[in-house]
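Peer 1: Here's my sequence, what's the structure:
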Amino acid sequence: MAGAMIKARESNRKLCVEEIAMLRLGGVASRTYLVAFPAIKQHFQKQGLDLDWVLYSSWDALVEAFVRREVDVAWNGPLAYVKIKRRLGDPCQVVAMRDIDVNLMTAFITHPQSAIRTVEDLKGTRFAFGARGSVEAGLLAHHFLQQMGIEPSQDLALATFCEERPTPNADSQRDVVDRIVSGEYDAGAVSSTALARMHEAGMVTPESVRVFWTSPGYSHCCFTAHSDTDRALSRQITQAFVSMAYDDPLGKTALEAEGCKAFVPGVTEGWEVLEAVAEEEGLL
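Peer 2: Prediction:
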């Protein structure tokens, strides 16, 4: 039933149905969401699902709002999703993701003519990470280097995050590419998606940088519903997201704002590495 949330009572194994007037979608304040969320709301209404949305000041504020059930569906960054899983102690439902959030990869790039061919060749070079808070070009990139025997603080001549560089570009992964193209840095980390986006937009030509290593695929952002959301309602939510088409005005508005071509059904795998690294770093 649309608009129904079902919660199991452990004491007698009976189900208690709680009616809600409409779904509430939560996200973090961003200009992109001010474009995407109104389009999503209109599309959901056309699908017979009443939906409203609210924005929070930070990912941690969104996590708290979801835990307190202020929102029924949260548009989570990858670390926020892992935090919610840990806070609730019960797997939440991943109802949808962007097409670019499944099997995302971190790529290490260098100059086309660089002598760097393998990660081992990075020793003694200058390496640019993305933003410190970037999962794909910051946290995981740093972890992947360590996993392969490169300790950035000891083995590299210079290793900085975007915030530590003078006059950084607001787009931290574009900043990485710019520093490498200019010759200021020898190599750096970006996501496969960000690099493809820059190629498509003509911000950088494929001949300007060379990828010399890519990580295994992992999952990224996701739309998350509570674990006890009625499965029929969850399927309706998933279908509403997936049915947003790029050739439809509402669909195109939302998808372009989110930097993707489609929403796809969510998966629950792919955050294992991030969860382990986040725990090691004391982020959970």
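Peer 1: Which helix or strand in the chain has the lowest average pLDDT?
Peer 2: Least confident helix or strand, the chain: strand 4-8 with a mean of 34, by mean pLDDT, DSSP states H and E.
Peer 1: Only the buried residues of stretch 152-161, if you could.
Peer 2: By 16 or more other Cβ atoms under 10 Å, the buried positions in stretch 152-161 come out as P152, D155, L156, A159, T160, F161. (C-beta placed from N, C-alpha, C; glycine too.)
Peer 1: got it, and stretch 126-136?
Peer 2: Buried residues in stretch 126-136 (16+ other Cβ under 10 Å): R126, F127, A128, F129, G130, A131, G133, S134, V135, E136.
Peer 1: Quick one: residues in contact with that stretch.
Peer 2: Applying Cβ atoms under 8 Å, 6 or more residues apart in numbering, the external contacts of stretch 126-136 come out as 77-79, 104, 106, 137-139, 141-142, 145, 152, 156-163, 165, 172-173, 175-176, 179-180, 184-191, 194, 220, 274.
Peer 1: Excluding chain neighbours, what is closest to the residue nearest the centre of the chain?
Peer 2: In the chain, the C-alpha nearest the mean C-alpha coordinate belongs to C221, at 3.1 Å (Cα atoms, centre = their mean). Ranked by Cβ to Cβ, 6 or more residues apart in numbering and with sequence neighbours excluded, the top spatial neighbour of C221 is D101, at 4.9 Å.
Peer 1: tell me how far the ends of stretch 250-269 are from each other?
Peer 2: In stretch 250-269, first residue to last residue: 29 Å (Cα to Cα, to the nearest Å).
Peer 1: Quick check: buried residues in it?
Peer 2: For stretch 250-269, by 16+ other Cβ under 10 Å, it's L250, G251, T253, A254, L255, A257, E258, C260, A262, F263, V264, G266.
Peer 1: Before I go, just wanted to say thanks for your time.
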